[in-house]
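# give me a model of this one.
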Amino acid sequence: MGNQEELSLDLEKLEKARNRFISEIAKNIHLYNITSSIGRLYGTVFFSEEPMNLDDMSEALGMSKTSMSTGIRALSNADMVERVWEKGVRKDLYKTEKDWYKSFSNVFINRWRNATELNMGAIKETKEMMTELYKETEAEEIKRKVDRDLDKLTEAEAYYEWLNEVIALFETGEIFEIVPKKSAQNNKHSS
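Residues are numbered from 1 along each chain as shown. Sure, this is the predicted structure:
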């Protein structure tokens, strides 16, 4: 087999290996509130040897430039890609954010902070409604149920206060003192 044929076979193997990772990213990227097609876009930009513009992305994925624009905006909002500048290039270029911890932290913080605030608001309102009912009712059975429910709500409230502390660890970066970031140098070419 000639060198050119070997190179061609090796390139196919490389693409197969890359596609394995891209497929898994696309399948699980919904955790970031991103569609699988945008996950494939992320994987394509991730393995690109040079920053890509929308035309490059469109050609690589066989999708419209409009879809690429929408996708890159979603990835940018999740801090998964960043726009880069190259001298003499007029089109916007993008590459993946190297700090995966940053994108995870931002998505985690935004999603959990929002959910926690909504749930804490619901607990407060529910407690107020139940306290009012407790004052108004004369039925002992209702008072017992309200007491039990208020205890459950107080437990839920304690959980959300704890979750706010966890979120704060990500916001301040203290999480990385507790669970340090892993270095790529420690894992290089290991199998």
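
# just after the lengthiest helix in the chain, pick out the following helix or strand.
Identified as the longest helix of the chain according to DSSP state H is helix 100-136. Later in the chain than helix 100-136, the nearest helix or strand by DSSP states H and E is helix 140-172.

# helices or strands up against whichever helix or strand comes after that following helix?
Per DSSP H and E, helix 140-172 leads on to helix 175-178 as the next helix or strand towards the C-terminus. Packed against helix 175-178, as judged by 3 or more CB pairs under 8 Å, 6 or more residues apart in numbering; DSSP states H and E, are no other helices or strands. Placement of C-beta: from N, CA and C, glycine included.

# using PDB, write out the CA atom coordinates for helix 175-178.
Taking C-alpha atoms only, helix 175-178 is exported to PDB below (Å, rounded to 0.1, in the frame of the first residue of the first chain):
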ATOM      1  CA  ILE A 175     -15.300  25.300  44.000                       C
ATOM      2  CA  PHE A 176     -11.900  24.800  42.300                       C
ATOM      3  CA  GLU A 177     -10.200  25.000  45.700                       C
ATOM      4  CA  ILE A 178     -12.400  22.100  46.900                       C
END
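
# which parts of it are buried?
I175 (16 or more other CB atoms under 10 Å).

# so how far is that helix from its chain's centroid?
Put simply, helix 175-178 sits 19 Å off its chain's centre (CA atoms, centre = their mean, to the nearest Å).

# got it, and stretch 149-158?
Distance of stretch 149-158 from its chain centroid, counting by CA atoms, centre = their mean, is 29 Å.

# that older thread, tell me the angle the longest helix of the chain makes with helix 140-172.
Counting by axes from the mean of the first three to the mean of the last three CA atoms, to 10 degrees, helix 100-136 lies at 160 degrees to helix 140-172.

# okay, buried residues for helix 100-136 please.
101, 103-109, 112-113, 116, 120, 123, 127, 130.

# now, among the residues you listed, which is nearest to R144?
Nearest to R144 out of the buried residues of helix 100-136 is M130 (CB to CB; 12.1 Å).

# for that closest one, give me the pLDDT.
For M130, the model assigns a pLDDT of 97.

# how far away is it from K124?
Note on M130: its distance to K124, by CB to CB, to the nearest Å, is 11 Å.

# look up phi and psi at the one residue sitting closest to the centre of the chain.
Nearest to the mean C-alpha position of the chain, counting by CA atoms, centre = their mean, stands Y32 at 3.2 Å. When quoted as degrees, to the nearest 10, the phi and psi of Y32 stand at phi -100, psi 10.

# just give the closest residue to E174, not the sequence neighbours.
A168 (7.7 Å; CB to CB, 6 or more residues apart in numbering).

# brilliant, that's me finished.
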